[in-house]
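Visitor: 3D model of this:
(chains A and B)
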Amino acid sequence: MIPAQFDYVRPDSLDQAFRELASDEDTKVLAGGQSLLPLLRLRLAYPSKLVDVARLPELAGAHDRGDHVFVGAMTTHDEVMRSPVVREGCPLVALATATVADPAVRHRGTFGGSLAHADPAGDLPAVVLALDGVFVARSAGGEREIPAARFFVDYLESALLPGEILTGVKIPKLGDGWGFHYEKFHRTAQAWPIVGVAVAVRRTNGAIQEARIGLANMAPTPLRARAAESALQGAELGDQVRQACGEAAEGTAPPADLHAQPDYRRHLARVLTHRAVRTAAGAP
Amino acid sequence: MPRITVTVDGITYEEEVEPRLLLVHLLRERLGRTGTPVGCDTSNCGACTVMLDGKSAKSCSVLAVQADGCEVVTIEGLGANGSMHPMQRAFHEEHALQCGYCTPGMVMAAIDLLRETPEPSEEAIREGLEGNLCRCTGYCNIVRAVRRGAQEMGRAVRTS
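Guide: Coordinates of the predicted model:
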């Protein structure tokens, strides 16, 4: 379908972008367009104007900042998954990004765009939530930081305010001894996950010391599987880990749609969490 | 209306476009590049895949204004001097098409895959083409064609 009419501007600087955003409340930020363009074409969104920030150099690239990696919002998925800084500093982000959509979409789609879109079925929101990332938002009034736990407000709704632009995300580096995995279940190769599970675990002497688990598509926002995280503390690989992962669906509110009913999604969350934890912990 | 400059298959065009015009419609309806079809129109099927500044992109999910200043290569820009690109020839010789609708996108995605993986395994080919659907489900011959195309392209590089 043809999108409804809108105006288009491509500012040369963030300051100019803020002015454009302030001029009309129905203005929307355009990044790579891989989520927004389908919405426009299906006429599910009617912005009056798009402010294209994809080429702003301030928003590009992933940078090593000592204790964290700063991933600029307009870094494409393809750049993220190949970035030595990301692969070294936050391997879970690289792993999960390589499973986003397909190569052509990854060439255009951006890290910040898919996070700001706040789709609970997206791969990256669950990953950034599991890693306790910190979102950096800037507006004409200045800059503020939003912890991942407060960024995802509701279905397709983030904590970004009108006039704010996500400039990037700080991903804390986890020290030695951590393992990672991203596991998802989908019907076709490039489809959204029916359920996705992002896992980071620290394991010593055969037992899990600490686990962080982010769930995709188990509620209107991405969620942490807190009950399973607690249960995994001190769990040994085998029955203890299996039992702990059985709590992965506690506190979730999975949607019902043509792909799955809530009970099936809860089942998937438990099974996928178990698989992801085992793989992240280096189980044979 | 915004004015854009875009190079398509080696020819530079200056066009006035509505912001909502999709790249695939610019290519087909303004510039006559009907070799690039519109498939699903929801960025799933990959039939409309073109190269945008050297990397594959689904042209139904790119606004023409986003391609301002960019270089586009479509299926029609692959051949030279009346002969087919080695990947096109491989699709022909391996009978890697039934209805042919997905073929332009498949060929573009295959060439994109070979940029980074010049000698892909069968698994790498299947992964690399995950964004392109063939509703005739002729995938076996498509995979064979990509392998053959890769060999031909490797040979062409070595002898040039």
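Visitor: which ones are touching the residue of the stretch 1-150 of chain A found nearest chain B?
Guide: Here the stretch 1-150 of chain A gets closest to chain B at one residue, residue A:102, 2.6 Å apart by CB to the nearest CB. For glycine as for every other residue, the C-beta is placed from the backbone atoms N, C-alpha and C. Counting by CB atoms under 8 Å, 6 or more residues apart in numbering or on different chains, residue A:102 makes contact with A:189-190, B:46, B:130-132.
Visitor: so which two of these are the farthest from each other?
Guide: The span of the contacts of residue A:102, defined through CB to CB, is set by A:189 and B:46 at 10.9 Å.
Visitor: overlap of the contact sets of these two?
Guide: Common neighbours of residue A:189 and residue B:46, using CB under 8 Å, 6+ apart, are A:102, B:131.
Visitor: near chain A, which residues of chain B?
Guide: For chain B, the residues in contact with chain A (CB under 8 Å from any CB of the partner chain) are B:2, B:18-20, B:22, B:25, B:41-44, B:46, B:49, B:52, B:55-58, B:60-63, B:65-66, B:68, B:109, B:112-113, B:127-128, B:130-132.
Visitor: residue of chain B nearest chain A, please.
Guide: For chain B, CB to the nearest CB, closest residue to chain A: residue B:131, 2.6 Å.
Visitor: check that residue and give its pLDDT.
Guide: pLDDT for residue B:131: 96.
Visitor: could you do residue A:126 as well?
Guide: 98.
Visitor: count of neighbours near it?
Guide: Neighbourhood size, residue A:126 [other CB atoms under 10 Å in any protein chain shown]: 33.
Visitor: isn't it right next to residue A:195, touching?
Guide: No. Using CB atoms under 8 Å, residue A:126 makes no contact with residue A:195, being 9.7 Å away.
Visitor: so residue 144, which state does it fall into?
Guide: Just going to use chain A. strand (DSSP: H, G, I helix; E, B strand; the rest coil).
Visitor: give the contact list for the residue nearest to it when sequence neighbours are not counted.
Guide: Leaving out its chain neighbours, the residue that sits closest to residue A:144 by CB to CB, 6 or more residues apart in numbering or on different chains is residue A:137, at 5.7 Å. Counting by CB under 8 Å, 6+ apart, residue A:137 touches A:143-146, A:160-161, A:164-167.
Visitor: most neighbours, which of those residues?
Guide: That'd be residue A:166 among these, by other CB under 10 Å, with 26 neighbours.
Visitor: residues in contact with the host helix or strand of that residue?
Guide: Per DSSP states H and E: residue A:166 is located in strand A:165-172. Applying CB under 8 Å, 6+ apart, the contact partners of strand A:165-172 are A:14, A:17-18, A:21, A:29, A:53, A:58-59, A:65, A:67-73, A:89-90, A:93, A:111-112, A:115-116, A:128, A:131-139, A:143, A:145, A:158, A:160.
Visitor: cool, and stretch B:127-141?
Guide: A:101-105, A:189-190, B:39-40, B:44-47, B:49, B:58, B:94-99, B:101-102, B:105-106, B:109-110, B:112-113, B:117, B:120, B:126, B:142-143, B:146.
Visitor: that stretch: which residues count as buried?
Guide: Going by neighbour count (16 or more other CB atoms under 10 Å in any protein chain shown), the buried part of stretch B:127-141 is B:127-134, B:138-139, B:141.
Visitor: from the chain's centroid, how far away is the lengthiest helix in chain B?
Guide: Counting residues, the longest helix found in chain B (DSSP state H) is helix B:139-159. Taking the mean of its C-alpha atoms, helix B:139-159 sits 16 Å from the chain's own mean (CA atoms, centre = their mean, to the nearest Å).
Visitor: stretch A:73-86 too?
Guide: Centroid separation for stretch A:73-86 versus its chain: 13 Å, with CA atoms, centre = their mean.
Visitor: and stretch A:59-75, by the same measure?
Guide: On CA atoms, centre = their mean, the centre of stretch A:59-75 falls 15 Å from the chain's centre.
Visitor: that one near chain B at all?
Guide: No. Shown here: stretch A:59-75 not in contact with chain B (CB under 8 Å from any CB), separated by at least 12.6 Å.
Visitor: can you check stretch A:189-208 too?
Guide: Yes. Residues of stretch A:189-208 contacting chain B under CB under 8 Å from any CB: A:189-190.
Visitor: tell me the buried residues in that stretch?
Guide: Using 16+ other CB under 10 Å as the test for burial, stretch A:189-208 gives A:190-203, A:208.
Visitor: not counting sequence-adjacent ones, nearest residue to the residue nearest the centre of chain B?
Guide: In chain B, the centroid-proximal residue (CA atoms, centre = their mean) is residue B:108; its distance is 2.8 Å. Spatially, and ignoring its direct neighbours in sequence, residue B:108 is nearest to residue B:49 (4.3 Å; CB to CB, 6+ apart).
Visitor: again, but for residue A:259
Guide: Residue A:259's closest residue in space is residue A:194 (CB to CB, 6+ apart), at 4.8 Å.
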